[in-house]
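> Make a model of this:
(one chain, ligands or ions: 1)
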Amino acid sequence: MEFFSENVFKNWRRKLLSHAKGKILEAGVGTGKNFPYYPANADITGIDIADKMLPLAEKRAAKLGLAVKLMEGDVQSLSFPDNSFDTAVATFVFCSVPDPVLGLKELKRIVET
Ligand SMILES: C[S@@+](CC[C@H](N)C(=O)[O-])C[C@H]1O[C@@H](n2cnc3c(N)ncnc32)[C@H](O)[C@@H]1O
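Model (predicted):
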């Protein structure tokens with residue numbers, strides 16, 4: 001099932017992430033399934049509320065030769081200043097965020113110009 005769904009999702013991931021530019025924050029990075037689809041030399045910071053995901057994301061990034069900054073964090077309360085990123089990404093995350101509107105406002109805050 002995972003194999004079939006990822007085969008469908010990879011086209012969505014490729015299309016979505018082709019728009020990512022500049023300093024990128026990925027919230028709910030998980031195991032880093034989006035990493036292969038970012039533009040070359042993307043400047044990516046990934047956060048996840050579950051710190052056990054981070055070593056898996058780190059491993060995937062290393063395999064792909066990506067220098068990704070990874071840290072524990074909650075999309076509802078980001079530790080980054082206003083306007084500190086150019087792109088915010090979150091895929092398959094908000095279904096499990098208790099206050100998704102708060103999370104979306106946080107993403108807006110850190111990319112708003
Ligand atoms: C279904 S996975 C999706 C992972 C990845 N974004 C993807 O597309 O494959 C959801 C991820 O969101 C993370 N997550 C859930 N609530 C979060 C929150 N409030 N802040 C940050 N990450 C969260 C989970 O720990 C999990 O790694």
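
> quick one: Phe35 and the ligand, what's the gap?
In this view, Phe35 and the ligand are 10 Å apart by Cβ to the nearest ligand atom, to the nearest Å. Any C-beta I mention is one placed from the backbone N, CA and C, and that applies to glycine too.

> Same question for Ala40.
Distance, Ala40 to the ligand, by Cβ to the nearest ligand atom: 20 Å.

> Over to Leu107?
Going from Leu107 to the ligand by Cβ to the nearest ligand atom gives 11 Å.

> My read is that that residue contacts Ala90, right?
Yes. With contacts counted by Cβ atoms under 8 Å, Leu107 reaches Ala90, the gap being 6.8 Å.

> tell me the mean pLDDT for the helix or strand that Asn11 is a member of?
Here Asn11 is covered by helix 2-17, with elements defined by DSSP states H and E. With pLDDT averaged residue by residue, helix 2-17 scores 86.

> returning to what we had before: can you pull the residues that touch both of Leu107 and Ala90?
Listed contacts common to Leu107 and Ala90 are 27, 75; contacts here mean Cβ atoms under 8 Å, 6 or more residues apart in numbering.

> rewinding a little: could you point out the helix or strand that follows the helix holding Asn11?
Under the assignment DSSP H and E, the closest C-terminal helix or strand after helix 2-17 is strand 23-27.

> and that next one, C-alpha only, in PDB?
Output for strand 23-27, consisting of C-alpha atoms alone and laid out as PDB, is shown next (Å, rounded to 0.1, in the frame of the first residue of the first chain):
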ATOM      1  CA  LYS A  23      15.600  29.600   2.500                       C
ATOM      2  CA  ILE A  24      13.100  26.800   3.000                       C
ATOM      3  CA  LEU A  25      11.400  25.600   6.200                       C
ATOM      4  CA  GLU A  26       9.800  22.200   6.000                       C
ATOM      5  CA  ALA A  27       7.400  21.600   9.000                       C
END
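
> Sheet partners, orientation included, of it?
Pairing partners of strand 23-27, with direction, according to DSSP bridges: strand 43-48 (parallel), strand 87-89 (parallel).
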